[in-house]
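**Q** Sharing a model that was predicted from the sequence below.
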Amino acid sequence: MTAVASPALAVPTHDFSDMQAQLNVAAKAAPRIFSRVSPPHFSQTIHRARTLNQLRSKNNGLEKYIYLNGLKERDQGLFYSLLYENMPEMVPILYTPTVGDACQNYSHIWRRPEGLYVSIGDKGRIREVLSTWPNLRDARIAVVTDGSRILGLGDLGANGLPISIGKLDLYIAGAGIRPLSTVPICLDLGTNTQKYLDDPLYIGVRRPRPSTEEMDEFMEEFMEAMTEVFPNLLVQFEDFSTDNAFRYLAKFRAQYKCFNDDVQGTGAVVLSGFLNAARLSAQASGRPLSEQRILFFGAGSAGTGVAKQLLSFFKFLGMSEADATKQIWTVDSKGLITADRKGLQEHKKFFARTDYEGPPLTNLVDIINYVKPTALLGLSTMRNAFSKEVIDAMMAHNERPIVFPLSNPVSLSEIDYDDAFEWTNGKVIFASGSPYRAITRDSKTFEPGQGNNMYVFPGIGLGALLSKASRVTDTMIEQASVALASSLTKEETAAGLVYPRLDRIRDISARISLAVIRAAQNANVDNSPALRHVTDNTLLAYIKEQMWQPHATETSNM
Ligand SMILES: NC(=O)C1=CN([C@@H]2O[C@H](COP(=O)(O)OP(=O)(O)OC[C@H]3O[C@@H](n4cnc5c(N)ncnc54)[C@H](O)[C@@H]3O)[C@@H](O)[C@H]2O)C=CC1
Ligand SMILES: CC(=O)C(=O)O
Ligand SMILES: [Mg+2]
C-alpha cells in the first residue's frame, strides 16, 4: 500500500485458530501434510506461554509493540485473549506510553495495512472510499483521528493511526466489542511537522494542513458519508488539535452519534478519580467536596473538558454555577488565566478569573501560594513541571494534596510517581495519565492510579451501542463517570485507590455501560425499548452476555 494512494484497507482476517482447525481436518485426511506444517505435539497452553516468553524477551517497548502487532495478524484470537488476561502488562505497550513511540515511528515500522486512511485528496468522493472497508455491515465503532495532536506529542500527521488502533484494542479487550465491529480511521490531511514532510519514508500526503475552511468542508462530507456508509456506527473523535476538537464536537454532536474522547472521556475519567481522591483527602482534612479548590495546569481540550465536567457535577450536587466556577482556577503557558488578558482563546474564557487584580501570575509556585489549591491537575504536556518547590507549596496547604499529572505519554508527565511519593512522604493522592509502578515501603504497597480515559470510553461506547442511542448526551458521560467512581471494591477502597485495578476492566465497562444505557433512556435518545423494562441486575447480566470473548464462537450481536 501506500496508505495514501490506496485509501482504505484492511483488518487482519487471519485467525490462527481457524487455520489450525483447517489443518487438523487436513491432517485426518493426510497426516503427512499436517506433520510438515505444525508440530505433532502442539499445545495451545504451551503456545500461550511461548508467546508471552517471546514478548518478554524483547528489549524495548517499540520491539514489543511490533511483536504484538505481528501476533495480531497471525492469530487474532490469541492476541486478544492474551491482552484480556494480561492487561496491566500489555496495555502500556499497545496504548500509552509505547503507542506514542509507535506513532512517532509509524512510517518506519509500517508492515501492512491495518486501518482506514481517508485523504484530503479524497474530498468529493469520501463515500466511495469508505465503502471499500471490508466489514461494512459489521461496523459499530470508529475511532477517528486526524493525527494533529497525538497524546502530547504534537502533529504526527498520518503517523497517528496507531492511536485509533490502540483505542479500539481497548474497546475489544475492555468492553468485549467484536474486532470485526471496529474501524480505526486516520484522516490524512497533511502535517505541519517539517520532519515528517522531509522524511522519505513518510506514509502520508506530503502537504501542510488545510485551511479551516477546507478542513470544515472535508469534515462535513466525511461525517455525512460515514452515516450513509455505516448507519449503525458510533464515532469517537480522538486527538484532534484543540480548536478542532471543540469545534467538531459542537458542530456534530446534535446531528450524529459521536463524542470526543479527549474532551468528554477525559472529563468523565478525571471527575471520577477526583471524587475518590476528594473522599481520601477529606478523611485527613474533613474538608467537604464543595470546599475543594482545583487548579488546572494546562487549559487545552483536555483541561477545559475536565473543568467543565467538574463544574457540571458541582451543579448536580446543588451548587450554583457561580459558586461552582469559583472552585476552579486555570493556568496556561502564560500563567494564571484572568479575564482581563488580551486575546484570550474562546475555550479559556469561561474559567478566566475575574477576582484577581495583581500583576500577571506566571510562576506555578506563586500561583499555588495565591490559590491554595487542594488539587493540582496537570494537562499541559510539560515534563517535570511539578517540581519539588511546587510539591512543597502544595504540602504547605494540605495534609494530603491531590496531584494528578495527566499528560501523556510518560515522557511528558508533569511529575513521576517516585518523586511525588518521596516529596510528600507518601501522603500524595496520585493519578497519572500513563502508568507508573507501585512503591513498597515498610512492607506496605502504595499503588498509583491511572487517570486515563481508557477506563470510560469502552463502557460509554458499549452502552451507546446496546441502547442504540441516537446521540451521546452530557448525562450519559456524567453517569459513566459516577459509575466508574463507585466501582471500587471494598479491598480497592481500603488500599486507598482512586481508580479500580485494570484487570477488572470488563466488569467496570459493564457497570459503566449500564449507567450509560439508563441515562440514554432518561434522555429519550435510546432505541432499544426492551431494555427499559428489565431490572438493573438483569440488564447487567445481559450486557456481560453481549461481550465478545476471545476464541469464543461469535454469537454476540455487537
Ligand atoms: N489522561 C488522559 O486521559 C488524557 C490526557 N491527555 C493529555 O493531556 C495533555 C494535553 O492535551 P490537550 O489538552 O488536548 O492539549 P492542548 O494542546 O489542547 O493543551 C495544552 C495546554 O497546556 C498549556 N501549556 C503548555 N505549556 C504550558 C506551560 N509551560 N505552562 C502551563 N501550561 C502550559 C497550553 O497553554 C494549553 O492550554 C496531553 O499530554 C494529552 O496526552 C489528553 C486527553 C486524555
Ligand atoms: C489518553 C488520551 O486520549 C490522550 O492522551 O490524548
Ligand atoms: Mg486522546
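**A** Received the coordinates, thanks. Ligands and ions are numbered 1, 2, ... in the order given.

**Q** Residues of this protein that sit close to ligand 3?
**A** Taking Cβ under 5 Å from the ion as the measure of proximity, the chain contacts ligand 3 at 239, 262. Bear in mind the C-beta positions are built from the backbone N, C-alpha and C, glycine included.

**Q** Can you show me the strands along the chain?
**A** Counting by DSSP state E, one finds strands in the chain at the ranges 116-119, 141-145, 182-188, 234-238, 258-260, 294-297, 328-332, 335-336, 375-378, 402-405, 429-432, 439-441, 444-446, 449-450.

**Q** Show me the one of these that comes nearest ligand 1.
**A** strand 328-332 (3.3 Å; Cβ to the nearest ligand atom).

**Q** neighbouring contacts of stretch 389-403?
**A** The set of residues external to stretch 389-403 that reach it, using Cβ atoms under 8 Å, 6 or more residues apart in numbering, is 274, 277-278, 280-281, 284-285, 364-365, 368-369, 372-376, 386, 415, 419-420, 423-424, 427-430.

**Q** and if you look at stretch 344-357?
**A** Contacts to stretch 344-357, defined as Cβ under 8 Å, 6+ apart, come from residues 242-243, 246, 296, 299-301, 304, 307-308, 325-326, 328-330, 332, 336-339, 341, 370.

**Q** Using CSV, write out every CA atom in that stretch.
**A** Extracted in CSV, the C-alpha atoms of stretch 344-357 (Å, rounded to 0.1, in the frame of the first residue of the first chain):
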residue,chain,number,x,y,z
LEU,A,344,-7.9,35.1,25.3
GLN,A,345,-8.9,32.0,23.2
GLU,A,346,-12.6,31.3,23.3
HIS,A,347,-12.4,28.0,25.3
LYS,A,348,-10.4,29.7,28.1
LYS,A,349,-12.9,32.5,28.7
PHE,A,350,-15.3,30.5,30.8
PHE,A,351,-12.9,29.8,33.7
ALA,A,352,-10.9,33.0,33.4
ARG,A,353,-10.8,34.6,36.9
THR,A,354,-12.3,38.0,37.5
ASP,A,355,-11.3,38.2,41.1
TYR,A,356,-7.5,38.6,40.7
GLU,A,357,-6.2,42.1,40.3
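
**Q** Next one: the residue of the chain at minimum distance from ligand 1 from Thr242, what distance?
**A** Minimum separation of the chain from ligand 1 (Cβ to the nearest ligand atom) falls at Gly300, amounting to 1.8 Å. Counting by Cβ to Cβ, to the nearest Å, the gap from Gly300 to Thr242 is 5 Å.

**Q** do Ser481 as well
**A** Counting by Cβ to Cβ, the separation of Ser481 from Thr242 is 22 Å.

**Q** The residue in the chain positioned nearest to ligand 2: what's it in contact with?
**A** Shortest the chain-to-ligand 2 distance, computed as Cβ to the nearest ligand atom: residue-wise this is Asn408, at 3.7 Å. Contact criterion Cβ under 8 Å, 6+ apart gives 96-97, 100, 151-152, 433-434, 452 as the residues in contact with Asn408.

**Q** can you give me phi and psi for it?
**A** When quoted as degrees, to the nearest 10, the phi and psi of Asn408 stand at phi -120, psi 160.

**Q** So for Gly300 and Thr242, which sits in the more crowded spot?
**A** A direct count of neighbours by other Cβ atoms under 10 Å for Gly300 and Thr242 places Gly300 higher, at 25 against 19.

**Q** what about the closest residue to Asn276 other than its chain neighbours, neighbour count?
**A** Counting by Cβ to Cβ, 6 or more residues apart in numbering, Val498 is the residue found nearest to Asn276 once chain neighbours are left out, at 4.1 Å. The number of residues packed near Val498 is 27, by other Cβ under 10 Å.

**Q** and stretch 190-205, which residues are buried?
**A** Buried residues in stretch 190-205, counting neighbours by 16 or more other Cβ atoms under 10 Å, are found at 190-191, 193, 196-197, 199, 202-205.

**Q** Among those, which lie within helices?
**A** If you go by DSSP state H, the buried residues of stretch 190-205 have 196-197 in helices.

**Q** will you turn the buried residues of stretch 190-205 into CSV that also has pLDDT?
**A** Rendered in CSV, the data for these read as follows (pLDDT from 0 to 100):
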residue, pLDDT
Gly190, 98
Thr191, 98
Thr193, 98
Tyr196, 98
Leu197, 98
Asp199, 98
Tyr202, 98
Ile203, 97
Gly204, 98
Val205, 98
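
**Q** just the buried residues of stretch 190-205 now: which is nearest Asp503?
**A** Proximity of those to Asp503, judged by Cβ to Cβ, is greatest for Ile203, which lies at 34.6 Å.

**Q** Phi and psi next, for the closest one.
**A** phi -90, psi -10.

**Q** Hmm, Trp110 and it touching each other?
**A** Yes: with contact defined as Cβ atoms under 8 Å, Ile203 counts as touching Trp110 (5.8 Å).

**Q** Need the CA coordinates for the longest helix along the chain. CSV is fine.
**A** In the chain, ranked by residue count with DSSP H as the criterion, the top helix is helix 266-285. Extracted C-alpha coordinates of helix 266-285, given in CSV (Å, rounded to 0.1, in the frame of the first residue of the first chain):
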residue,chain,number,x,y,z
THR,A,266,-11.2,12.7,29.9
GLY,A,267,-13.7,14.8,31.7
ALA,A,268,-15.5,11.7,32.9
VAL,A,269,-12.5,9.8,34.0
VAL,A,270,-10.9,12.6,35.9
LEU,A,271,-14.1,13.6,37.6
SER,A,272,-14.4,10.0,38.8
GLY,A,273,-10.8,9.9,40.2
PHE,A,274,-11.2,13.3,41.7
LEU,A,275,-14.3,12.2,43.6
ASN,A,276,-12.5,9.3,45.1
ALA,A,277,-9.4,11.5,45.8
ALA,A,278,-11.5,14.1,47.5
ARG,A,279,-13.0,11.5,49.7
LEU,A,280,-9.5,10.4,50.8
SER,A,281,-8.3,13.9,51.3
ALA,A,282,-11.5,14.6,53.4
GLN,A,283,-10.5,11.7,55.7
ALA,A,284,-7.4,13.8,56.6
SER,A,285,-8.8,17.3,56.4
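
**Q** sorry, back to before: can you tell me which of the contacts of stretch 344-357 end up in helices?
**A** Residues of those located in helices (DSSP H): 242-243, 246, 301, 304, 307-308, 325, 370.

**Q** what's the most distant pair in those?
**A** Comparing all pairs in the ones in helices among the contacts of stretch 344-357 by Cβ to Cβ, the longest separation belongs to Asp243 and Tyr370, at 29.1 Å.

**Q** Let me see the contact set for Ala385.
**A** With contacts taken as Cβ under 8 Å, 6+ apart, Ala385 has the following neighbours: 297, 364, 378, 414-415.

**Q** one step back: could you look over the strands of the chain and pick the most buried one?
**A** Comparing those by mean neighbour count (mean count of other Cβ atoms under 10 Å), strand 402-405 ranks first with a mean of 30.

**Q** before we move on, the earlier item: most widely separated two among the contacts of Ala385?
**A** So, the contacts of Ala385 by Cβ to Cβ: farthest apart are Leu364 and Ile415, at 11.5 Å.

**Q** Give me the common contacts of these two.
**A** Taking Cβ under 8 Å, 6+ apart as the contact rule, Leu364 and Ile415 both touch 385-386.

**Q** For this structure, which residues are neighbours of ligand 1?
**A** By the criterion of Cβ under 6 Å from any ligand atom, the positions of the chain lying close to ligand 1 are 149, 151-152, 242, 262, 266, 269, 297-303, 331-333, 379-382, 406-408, 412, 433, 451-453.

**Q** do that again at 5 Å, thanks
**A** 151-152, 242, 262, 266, 298-302, 332-333, 379-382, 406-408, 433, 452-453 (Cβ under 5 Å from any ligand atom).
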